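> this is the structure alone, sequence omitted:
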Ligand code: SF4
């Protein structure tokens, strides 16, 4: 638990009502606690259109909501408009982290916070951005002052939120609360700095998919299959190995039924011990739950001649643009795919499963393309 100190007179104008722009729960915990212990009631303003993909944004927001609710604090949910954010940083995409792009990013988010503060009777606002040692204090102060200057009577509270023991308390609260372990600053350009191992990547992706609604999964699945249908390899293939989807994968049943009716032959994997074998799909009525995970599998015979199959559509936990694939960790596909030397391999996934780079080792089979 943090402690009270006598710095309340630092608050500009001595107000006890402060709008706190919040970037994420890990950066906010110690600041919110310090404020409440020192008689200040922060209203939390969550405005982070920089975060990509939207599932990452939703997970970070969910963590903030959880923490604010546990303390009985009001949280204002600003819009997520990543397109508008991209316009703001246009031309600065290749700037390094802590460079000119970050200053524009701070200006946009703090301008939104300042506008809200001004319109809702606050005289002081500040930001949790400053609690991260990966961000530049001088840039945050510059952006905060500039944003405040647009609205008469508003002050940006420039307190350095890394000092006074708050950095240490920040780490303690992250552990105590078990906050989601975000691995990069937020935008797509900062994702390259992420260096997760396989376990961390799988955990992160599982959490991102957990915030997708069934409608979002259906929409993104439909978009994947539209792209697949335009693909020449798919159009030319008559025999295709695909998978029957689980709830957290790009949905396949409607696609399989549609193209079976159009004359293509599909095959599905079936788990036998530690291996995948291949069986012919003959209609959903012939599927039965598999032994290990309950995934529907054909109940027919194993297909031994895999030569007719010219396309394999492969699910995964994550893919990168080089075609590297991160599976679920059991190596099923890495053992099956070498048995299909004639087939091109197509990885399919939701947007949040596409990473700048995927941790791989020598056993991981690369995809020929990712859709
Ligand atoms: S690295 Fe972070 S602060 Fe910089 S532009 Fe990206 S999200 Fe904004």
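On my side now, so go ahead. This structure is a prediction, so every number in the text was calculated from the model and none was measured. Numbering: from 1, shown residues only.
> helix/strand/coil for the residue nearest to residue 84 when sequence neighbours are not counted?
Spatially, and ignoring its direct neighbours in sequence, residue 84 is nearest to residue 49 (6.3 Å; CB to CB, 6 or more residues apart in numbering). In this view, the C-beta of every residue, glycine as well, is placed from N, C-alpha and C. With DSSP: H, G, I helix; E, B strand; the rest coil as the basis, the three-state label of residue 49 is coil.
> can you tell me which residues contact residue 108?
Under the criterion of CB atoms under 8 Å, 6 or more residues apart in numbering, the contact partners of residue 108 comprise 49, 50, 84, 85, 88.
> so where do the helices sit in the stretch 51-200 of the chain?
Here the stretch 51-200 of the chain has its helices, by DSSP state H, counting those that start in this stretch, at 54-70, 82-88, 100-119, 137-149, 166-177, 198-210.
> swap in the stretch 201-350 of the chain?
Counting by DSSP H, counting those that start in this stretch, one finds helices in the stretch 201-350 of the chain at the ranges 214-230, 232-236, 253-261, 332-336.
> make a markdown table from the ones you listed and add mean neighbour count and mean pLDDT to it.
Formatted as a markdown table, the helices of the stretch 201-350 of the chain follow (neighbours: other CB atoms under 10 Å; pLDDT from 0 to 100):
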| stretch | mean neighbour count | mean pLDDT |
| --- | --- | --- |
| helix 214-230 | 15 | 97 |
| helix 232-236 | 12 | 97 |
| helix 253-261 | 15 | 97 |
| helix 332-336 | 17 | 94 |
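> now tabulate those helices in CSV and tack on distance to residue 140.
Compiled in CSV, the helices of the stretch 201-350 of the chain are given as follows (distance: least, CB to CB, whole Å):
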stretch, distance to residue 140
helix 214-230, 33
helix 232-236, 49
helix 253-261, 47
helix 332-336, 45
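> next up, the contacts around the closest residue in space to residue 203 that isn't next to it in sequence.
By the measure of CB to CB, 6+ apart, the closest residue to residue 203 outside its immediate chain neighbours is residue 181, 7.8 Å from it. Under the criterion of CB under 8 Å, 6+ apart, the contact list for residue 181 reads 200, 203, 204.
> hey, which strand is longest across this structure?
Across the chain, the strand with the greatest residue count (assigned by DSSP state E) is strand 265-272.
> and that strand, what does it pack against?
In terms of contacts (3 or more CB pairs under 8 Å, 6 or more residues apart in numbering; DSSP states H and E), strand 265-272 is packed against strand 239-241, helix 253-261, strand 275-280, strand 296-298, helix 332-336.
> to residue 175, which of those lies closest?
Judged by CB to CB, the one of the helices and strands packed on strand 265-272 that comes nearest to residue 175 is helix 332-336, at 35.0 Å.
> what residues does that closest one touch?
For helix 332-336, the surrounding residues in contact (CB under 8 Å, 6+ apart) are 269, 271, 274-276, 278, 314, 316, 325, 327, 363-365.
> most neighbours, which of those residues?
Across the contacts of helix 332-336, the neighbour count under other CB atoms under 10 Å reaches its highest value at residue 325, namely 25 neighbours.
> what residues does this structure put near the ligand?
Taking CB under 6 Å from any ligand atom, the part of the chain that reaches the ligand is made up of 50, 97, 101, 102, 105, 185, 186, 187, 189, 190.
> now with 5 Å?
With CB under 5 Å from any ligand atom as the criterion, the chain meets the ligand at residues 50, 97, 101, 102, 105, 185, 186, 187, 190.
> for PyMOL, write a command that selects the buried ones of those.
What follows is the PyMOL syntax for the buried subset of these, where burial is set by 16 or more other CB atoms under 10 Å:
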select buried, resi 50+97+101+102+105+185+186+187+190
